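Peer 1: Need the 3D shape of this:
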Amino acid sequence: MSSFFGFLQGANQYGRWVPEPEIKAKALAGGSTLDFSQALFTHPVITVHACAFWGGVTIIVPPNVNVEQNGKAILGGFGDGGGVYHSSHGSMPTTASKSNITIKIIGTAVMGAVSAMVNRNAPPAQLVSGEEASRIIQQVPAPTSTTREDMKQQIIGDALTRRLARAPPVAAAALQRTMLQQGVNPTLLQNRQQLQEGVVQGVPLAAPCK
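Peer 2: Numbers count the residues shown, from 1 in each chain. Take a look at the predicted model:
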């Protein structure tokens, strides 16, 4: 079982890697980010045992990976809610698996948060054999991870798009021009109708401790 423990610092995994079927991710007054954007999936189901205490655990997934959550938050955030106590079970509503790959997040957030986000710029995930994963690692150069910049642009773009969805037509046109001038990904502007209908992608989730 892989283990990532962020104690007063970050314990992160970005770029290309081969996740094991069982992963522990803990954050104690620190943070831990597991980025599956370039992961080589050799198992159809991956379980992340996540625990956040005065810290945060973040799971970043490609758009075609299903995310399931099962856990609770105490004075923290978990799933679609939080507060003094919150329990949540089920699938992340903004993901729909077309790859037969599922990431299960279980655990507890105490005065912290465990969250899952979709990297909409990530290539679709594919299930490969162990031999194929080894061949790719040995023979194919790994691309540079762009997840940090992708997520930064995505979060800023989503916030601006919400403003765009509520703005009057003249103000919306001016805001859209500003977004394009600032280099916001033009595809993010296509979310306006979804946002008007109340659909928001990449909503954070949270999970529990083992």
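
Peer 1: Per the annotation, how does this protein divide into domains?
Peer 2: 2-139, 147-196 (automatic domain parsing).

Peer 1: Go through the ones you listed and pick out the most buried.
Peer 2: domain 2-139 (a mean of 19; mean count of other C-beta atoms under 10 Å). To be clear about C-beta, it is placed using only N, CA and C from the backbone, and glycine gets the same treatment.

Peer 1: Tell me where this structure has strands.
Peer 2: Assigned by DSSP state E, the chain shows strands spanning 2-7, 22-28, 31-35, 45-53, 56-61, 66-78, 81-91, 102-110, 113-118.

Peer 1: would you turn the ones you listed into JSON lines with mean pLDDT and distance to residue 162?
Peer 2: Output for the strands of the chain, formatted as JSON lines (pLDDT from 0 to 100; distance: least, C-beta to C-beta, whole Å):
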{"stretch": "strand 2-7", "mean pLDDT": "90", "distance to residue 162": "30"}
{"stretch": "strand 22-28", "mean pLDDT": "95", "distance to residue 162": "28"}
{"stretch": "strand 31-35", "mean pLDDT": "95", "distance to residue 162": "24"}
{"stretch": "strand 45-53", "mean pLDDT": "95", "distance to residue 162": "26"}
{"stretch": "strand 56-61", "mean pLDDT": "94", "distance to residue 162": "21"}
{"stretch": "strand 66-78", "mean pLDDT": "88", "distance to residue 162": "19"}
{"stretch": "strand 81-91", "mean pLDDT": "70", "distance to residue 162": "19"}
{"stretch": "strand 102-110", "mean pLDDT": "94", "distance to residue 162": "25"}
{"stretch": "strand 113-118", "mean pLDDT": "92", "distance to residue 162": "16"}
